[in-house]
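Enquirer: Got a sequence here, can you build the structure:
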Amino acid sequence: MELDGKLLVAMPGMGDPRFEKSVILMCAHSAEGAMGLIVNRPAPDLSFANLLEQLSIPRAPEGRDIRVHSGGPVERGRGFVLHSGDYAGGPATMRIEGGYGMTATLDVLEALARGEGPERALLALGYSGWGPGQVEAEIKANGWLVVDASADLVFSADDAGKWAGALKRLGIDPLTLSAAAGRA
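Expert: Reported below is the predicted structural model:
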């Protein structure tokens, strides 16, 4: 199962409160494990302007403002800019299936602060990670649904609506989901 560039949508009752109603864009998936960023959980009390100030990055009057998210429970002090594929940050940019990129260097933050950089972006602090076979086992155990990603959903300003929006891409009404798994 290839998960690069797909969305993982948390099922009700998955059992891990850190991921309740989360939507994760999968950035890397291989036999060695998987890595993704939660795209619908705003970071509490942290704005992009505050972050630039903390990093001593000057912001031009035409500087961009992007949303800051909690990307997951791993390395929460580390930032990752998830962006549209139009930004080429060189070898520091990881290309993700579906026309996305992820850059974890200050270059992209400096470009955004100048009003340049990728057309669409969000900043994630931390990431979600899985060991070998772990995410596949969680999907099999009914913890996650896999959905084709859409840039309009991933970069939408409506973080609260992303979970239901991702489910609707599968034709599922969130009100009809059950936390109980079964086998027919």
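
Enquirer: contacting residues for Ala121?
Expert: Each residue near Ala121 by CB atoms under 8 Å, 6 or more residues apart in numbering is listed here: Arg64, Ile66, Val81, Leu82, His83, Ser84, Tyr87, Val108, Leu112, Phe155. Where you see a C-beta, it was placed from the backbone N, CA and C, and this is true even at glycine.

Enquirer: what do you get for Ile24?
Expert: Ile24 sits next to Leu7, Leu8, Gly36, Leu37, Ile38, Val39, Gly72, Ser128 when contact means CB under 8 Å, 6+ apart.

Enquirer: from the chain's centre, how far out does stretch 45-56 sit?
Expert: Put simply, stretch 45-56 sits 19 Å off its chain's centre (CA atoms, centre = their mean, to the nearest Å).

Enquirer: so what's the nearest residue to Gly85 once chain neighbours are set aside up against?
Expert: Counting by CB to CB, 6 or more residues apart in numbering, Gly99 is the residue found nearest to Gly85 once chain neighbours are left out, at 4.2 Å. With contact set as CB under 8 Å, 6+ apart, Gly99 has these partners: Ser84, Gly85, Ala151.

Enquirer: go on, Thr103?
Expert: Each residue near Thr103 by CB under 8 Å, 6+ apart is listed here: Phe80, Val81, His83, Tyr87, Gly89, Ala92, Thr93, Met94.

Enquirer: Tell me where this protein has strands.
Expert: For the chain, the strands defined by DSSP state E occupy 6-10, 23-30, 33-38, 68-70, 74-84, 93-96, 100-103, 121-130, 144-148.

Enquirer: To Glu53, which of those lies closest?
Expert: strand 68-70 (12.7 Å; CB to CB).

Enquirer: got the buried residues for the closest one?
Expert: Val68, His69, Ser70 (16 or more other CB atoms under 10 Å).

Enquirer: contacts for that strand?
Expert: Contacts of strand 68-70 (CB under 8 Å, 6+ apart): 37-44, 46-48, 51, 76, 122-126, 159.

Enquirer: any idea of the mean pLDDT in it?
Expert: Regarding strand 68-70, the rounded mean pLDDT is 96.

Enquirer: Including distance to Pro174, could the contacts of Ala121 go into TSV?
Expert: Formatted as TSV, the contacts of Ala121 follow (distance: CB to CB, whole Å):
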residue	distance to Pro174
Arg64	32
Ile66	27
Val81	29
Leu82	24
His83	28
Ser84	27
Tyr87	33
Val108	33
Leu112	33
Phe155	21
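
Enquirer: which one among these gets closest to Ala31?
Expert: Within those, proximity to Ala31 (CB to CB) peaks at Leu82, which comes in at 23.6 Å.

Enquirer: Good, we can wrap up now.
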